[in-house]
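Participant: Starting from these lines, generate the structure:
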Amino acid sequence: MNYYLISLGSNINADEFLPKALNLINSDYDIISYSHVLQNPACGEYFKSPFHNQLLLLKSSQENKQLKKVFEEFEIQLGREGKSPERKYKDRTIDIDILSQAKTPLEALAIPLTEPYNQRLMNDWQLPTFS
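Facilitator: Residues are numbered from 1 along each chain as shown. A predicted model of the protein is given here:
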């Protein structure tokens, strides 16, 4: 079994698309816990609207590559354009990223997070107790 730390982000109708993404993921995978949603100002010269971000911890028997492919399909299903070099510079209905993969939940959560919004979410997250 693998444990994954996942990041969700949206800056187009986030109140609609974050719950839809969470429901899609939860329909196929076992979400152990998820953080609150944090709103962040639009960053950089490319983005027009504030981002809403959320972290979640899930377990799956799938390997990273398989899970990434499923998440890319979920993104397209929720209105994000397919993979292209320009895609990272465009507003998005949903962005689903795998931040870590590990054999235990604690190992998955132990990854150093580089983005300040993810660090803040992790610090505020009321995680369950893992034995």
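
Participant: burial of the residue lying closest to Asp95 once chain neighbours are set aside, as a residue count?
Facilitator: Nearest residue to Asp95, sequence neighbours excluded (C-beta to C-beta, 6 or more residues apart in numbering): Gly9, at 4.2 Å. (Glycine included, C-beta is placed from N, CA and C.) Burial of Gly9, expressed as a neighbour count using other C-beta atoms under 10 Å, amounts to 22.

Participant: unless I'm mixing things up, Ala21 is touching Gln77, no?
Facilitator: No: contact between Ala21 and Gln77 fails when scored by C-beta atoms under 8 Å: they sit 9.4 Å apart.

Participant: Just to be sure, Leu106 is in a strand?
Facilitator: No: under DSSP: H, G, I helix; E, B strand; the rest coil, Leu106 sits outside any strand and is assigned helix.

Participant: I'd like to know how many residues surround it.
Facilitator: 12.

Participant: for the one 5 residues further on, same thing?
Facilitator: Applying other C-beta under 10 Å, we find 14 other residues in the vicinity of Ile111.

Participant: One more: Met1?
Facilitator: Met1: 9 neighbours (other C-beta under 10 Å).
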